[in-house]
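Visitor: Give me the fold of what follows.
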Amino acid sequence: MSPNGFPVFSIRNFLLLFAILWPVGVEAASSLGAPQPGVFRQTDLDAGGWLTGFASHSGGRLYARTDVGGVYRSDDHGAGWRFVSGNMTSSAGLFVQGLAAGETSPDLVYQAVGTSYVSADAARGIWRTMDGGTDWSQVLAGVNFSGNDDLRWQGECLAITPGSGDQEIFAISRKNGLWRSTTGGGAGTWSKQGGTLFDG
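Guide: Purely as a prediction, here's the structure:
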């Protein structure tokens, strides 16, 4: 016994316990059926940094966001990818924290870009493409996001309300509040929600 009253297991005792329980474990596993093999392979995106999230359309198209390398698109279920942030003109435009694909069209995508250490970059904000990433237009400017900050790992900061016909979109920024558009996210159609409640 340890000083706090818990039993102490030596390696010998652990191996003995493992040997006793091993047949039970094998029998329990076999009753669930044979395991199915997975098929995974590495996909190279030619991007620096990390791939931090995905957005998908029900038709099968995939979009991937990276923390410092922009957005990529796959039309073959992830077998091949191409860079679709070609007309971003500054570094903040490549630091992607949020990505959302529309329901009505696989070509409609929103991305939220920026980072704390280039918080004055004009590219920060929300961008929209309606042609699958060939051209992007900024629809919310002057609002910062955390594409290359620790917050990039904490889930999506963009959401399209399901069933809204891609009209209602929400975005939670980095200390610039919660934003909403009910007209498809076009420029000039965003309003800040809750005053300063979400600025912290």
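
Visitor: Is the residue positioned nearest the centre of the chain within a helix or a strand, and which one?
Guide: Note on the chain: the residue nearest the mean C-alpha position is Gly53, at 2.6 Å, using C-alpha atoms, centre = their mean. Applying DSSP states H and E as the criterion places Gly53 in strand 51-56.

Visitor: who does the next helix or strand after that strand pair up with?
Guide: Sequence-wise, the next helix or strand downstream of strand 51-56 (DSSP H and E) is strand 62-66. Partner strands for strand 62-66, per DSSP bridges, with pairing direction: strand 51-56 (antiparallel), strand 71-74 (antiparallel).

Visitor: I'd like those laid out as a markdown table, including mean pLDDT.
Guide: A markdown table is the format used below for the strands paired with strand 62-66 (pLDDT from 0 to 100):
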| stretch | mean pLDDT |
| --- | --- |
| strand 51-56 | 88 |
| strand 71-74 | 94 |
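
Visitor: Any idea which of those gets closest to Asp131?
Guide: Taking C-beta to C-beta, strand 71-74 is the member of the strands paired with strand 62-66 nearest to Asp131, at 11.1 Å. In short, each C-beta sits where N, CA and C put it, glycine included.

Visitor: Partner strands of the helix or strand just after that closest one, with direction?
Guide: Downstream of strand 71-74, the next assigned helix or strand under DSSP H and E is strand 82-83. The strands that strand 82-83 pairs with in its sheet are strand 71-74 (antiparallel) (by DSSP bridges).

Visitor: Alpha carbons only: can I get the strand it pairs with in CSV?
Guide: Included here for strand 71-74 are C-alpha records, laid out as CSV according to Å, rounded to 0.1, in the frame of the first residue of the first chain:
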residue,chain,number,x,y,z
VAL,A,71,-7.6,28.3,-48.5
TYR,A,72,-7.5,25.1,-50.5
ARG,A,73,-10.2,23.3,-52.5
SER,A,74,-10.7,19.7,-53.4
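
Visitor: Please work out which residues outside that strand touch it.
Guide: 45, 47, 61-66, 80-85, 96, 99, 109, 111, 132-133 (C-beta atoms under 8 Å, 6 or more residues apart in numbering).
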